[in-house]
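Q: Have a look at this prediction, sequence included:
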Amino acid sequence: MRKLVLTASGIARGEPAQAAVGVVLTDGQGKNLVQLGKTLGRSSKEAAEYKALLEGLRVASQYQPEELLVFVENQQLANQVLGVLPPREPTLQHLNRQVQELLHQFPRWRVAYVDEDVCRQARRLAEQALYRERQAEREREAVRQEILSALDLLPLEDLRKTLSFLQSLQATRG
């Protein structure tokens, strides 16, 4: 691949809160090569943005492009990556060093701050990942409540059998 365009977006709901990243990698003609959205667990918004960039750089490196154009929607992140101003927090300094190491694997690269509309697709992928995780958590809690209600109705011997079954299930999962 000659030229790739990477758009990365990291989001966090609260500080720190559940976070996710979205990455879109396209070729020079705008054809989507990779669309990725995944959750990170708890993180600050700034760390999520760095982690989105890292995830995108790792994906892009697999294509070994001659040139990589990176779009981010956070001007401070772009300035930190370009060395205009240093990150203050130790966590962000560490993430910045990782970004620098990955960027220098590309023969030519540019990082640009762009309007959030340009990053809309990447941000939507991050939001979808966060939404899927929240839905799974709600479903898990609903099932948990159903199990607890059913357990309340069981006699002691059936409770012991249920406990034994659960223990064997846990043992098989490692």
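A: Sure, I can see it. Numbers count the residues shown, from 1 in each chain.
Q: can we go C-alpha only for contacts and neighbour counts from here?
A: OK.
Q: domains of this protein?
A: The chain breaks down by automatic domain parsing into domains covering 3-133, 135-173.
Q: right, so those: which one is the most enclosed?
A: Most buried of the domains of the chain by mean neighbour count (mean count of other CA atoms under 10 Å) is domain 3-133; its value is a mean of 19.
Q: Can you tell me the centre-most residue of this structure?
A: V21 (3.0 Å; CA atoms, centre = their mean).
Q: So that residue is in contact with Y50, correct?
A: No: contact criterion CA atoms under 8 Å: V21 and Y50 do not qualify, at 9.3 Å.
Q: between those two, what contacts are shared?
A: G10 (CA atoms under 8 Å, 6 or more residues apart in numbering).
Q: Got the phi and psi for the residue nearest to the centre of the chain?
A: Reported as degrees, to the nearest 10, the phi and psi values for V21 are phi -130, psi 150.
Q: That one bridge partners, please.
A: G10, K38 (DSSP bridges).
Q: So it versus L95, what's the distance?
A: 15 Å (CA to CA, to the nearest Å).
Q: One more: Q64?
A: Applying CA to CA to Q64 and L95 gives a distance of 22 Å.
Q: For the longest helix belonging to the chain, which helices and strands make contact with it?
A: Taking DSSP state H as the assignment, the helix of the chain that covers the most residues is helix 120-152. Using 3 or more CA pairs under 8 Å, 6 or more residues apart in numbering; DSSP states H and E, the elements in contact with helix 120-152 are strand 3-14, strand 17-27, strand 32-43.
Q: Including mean pLDDT, could the domains of the chain go into CSV?
A: Listed next are those as CSV, based on pLDDT from 0 to 100:
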stretch, mean pLDDT
domain 3-133, 95
domain 135-173, 93
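Q: Please work out the angle formed by the directions of the helix or strand following the longest helix of the chain and helix 120-152.
A: Tracing the chain C-terminally past helix 120-152 and defining elements by DSSP states H and E, one meets helix 156-173 next. Relative orientation of helix 156-173 and helix 120-152, computed by axes from the mean of the first three to the mean of the last three CA atoms, to 10 degrees: 150 degrees.
Q: Distance from helix 156-173 to the middle of the chain?
A: Computed by CA atoms, centre = their mean, to the nearest Å, the separation of helix 156-173 from the middle of its chain amounts to 35 Å.
Q: Restrict that helix to CA atoms and write it as PDB.
A: C-alpha atoms of helix 156-173 as PDB (Å, rounded to 0.1, in the frame of the first residue of the first chain):
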ATOM      1  CA  LEU A 156     -32.000 -26.700  50.500                       C
ATOM      2  CA  GLU A 157     -31.100 -29.900  48.700                       C
ATOM      3  CA  ASP A 158     -31.700 -28.300  45.300                       C
ATOM      4  CA  LEU A 159     -29.600 -25.300  46.300                       C
ATOM      5  CA  ARG A 160     -26.700 -27.600  47.200                       C
ATOM      6  CA  LYS A 161     -27.000 -29.300  43.700                       C
ATOM      7  CA  THR A 162     -27.100 -25.900  42.100                       C
ATOM      8  CA  LEU A 163     -24.000 -24.800  44.000                       C
ATOM      9  CA  SER A 164     -22.200 -28.000  43.000                       C
ATOM     10  CA  PHE A 165     -23.100 -27.400  39.400                       C
ATOM     11  CA  LEU A 166     -21.900 -23.800  39.400                       C
ATOM     12  CA  GLN A 167     -18.600 -24.800  41.000                       C
ATOM     13  CA  SER A 168     -18.100 -27.500  38.300                       C
ATOM     14  CA  LEU A 169     -18.900 -24.900  35.700                       C
ATOM     15  CA  GLN A 170     -16.400 -22.400  37.100                       C
ATOM     16  CA  ALA A 171     -13.700 -25.200  37.200                       C
ATOM     17  CA  THR A 172     -14.100 -25.900  33.500                       C
ATOM     18  CA  ARG A 173     -13.700 -22.200  32.700                       C
END
